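J.: quick one, what's the 3D model for this:
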Amino acid sequence: MERAALTETVSDRTEADEDGAMDAIRAVLTTLGERLSADQAEDLAAELPGDLSDHLVEGESGNRFSEEEFISRVDQRMDTLDLTGERAATAVMGTILEAVDEEERAAIVDQFEDYGFETLLGETDADIDISERSPRER
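T.: Purely as a prediction, here's the structure:
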């Protein structure tokens with residue numbers, strides 16, 4: 001997915017302008033990069049457009065924190081006041097899941113489901129039904 005298409009999709013889902021959408025994307029990718037392992041962050045970064053991938057690998061990776069902490073970190077990073085961290089996180093995560101290949105999508109979904117992050121995976125048109133996956137499929 002091209003940067004413009006990614007930004008437009010996030011903008012549509014959040015009802016934010018282009019600057020607000022980019023702010024949300026930056027905040028979510030930076031937080032996601034902290035949550036994923038270094039290898040996972042690098043693999044995902046390779047599938048994203050140019051400078052967006054930098055946000056995934058700029059910080060310390062492999063941190064373990066809750067879904068609530070994920071949302072809080074996104075909230076703290078955003079300059080956009082009319083968009084909540086949860087709204088930004090679900091919109092960006094859904095858009096990212098649609099943009100990456102099936103293997104990357106499954107790796108992210110598996111990790112996030114394993115740690116109880118189902119809320120952040122709820123808004124996507126990607127071909128993943130997170131509600132019907134058994135623990136064996138994780």
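
J.: which strand or helix spans the nearest residue to Asp79 once chain neighbours are set aside?
T.: Excluding its sequence neighbours, the residue lying closest to Asp79 (Cβ to Cβ, 6 or more residues apart in numbering) is Asp23, at 5.4 Å. Any C-beta I mention is one placed from the backbone N, CA and C, and that applies to glycine too. Element membership for Asp23 (DSSP states H and E) is helix 18-35.

J.: quick one: low-confidence residue ranges for this protein.
T.: Within the chain, the segments meeting pLDDT under 70 span 114-116, 119, 121-138.

J.: how about the nearest residue to the residue positioned nearest the centre of it, chain neighbours excluded?
T.: For the chain, the residue nearest the mean C-alpha position is Met93 (3.1 Å; Cα atoms, centre = their mean). Counting by Cβ to Cβ, 6+ apart, the nearest residue to Met93 once its immediate chain neighbours are dropped is Leu120, at 4.9 Å.

J.: what's near enough to touch that neighbour?
T.: 67, 70-71, 89-90, 93, 112 (Cβ atoms under 8 Å, 6 or more residues apart in numbering).
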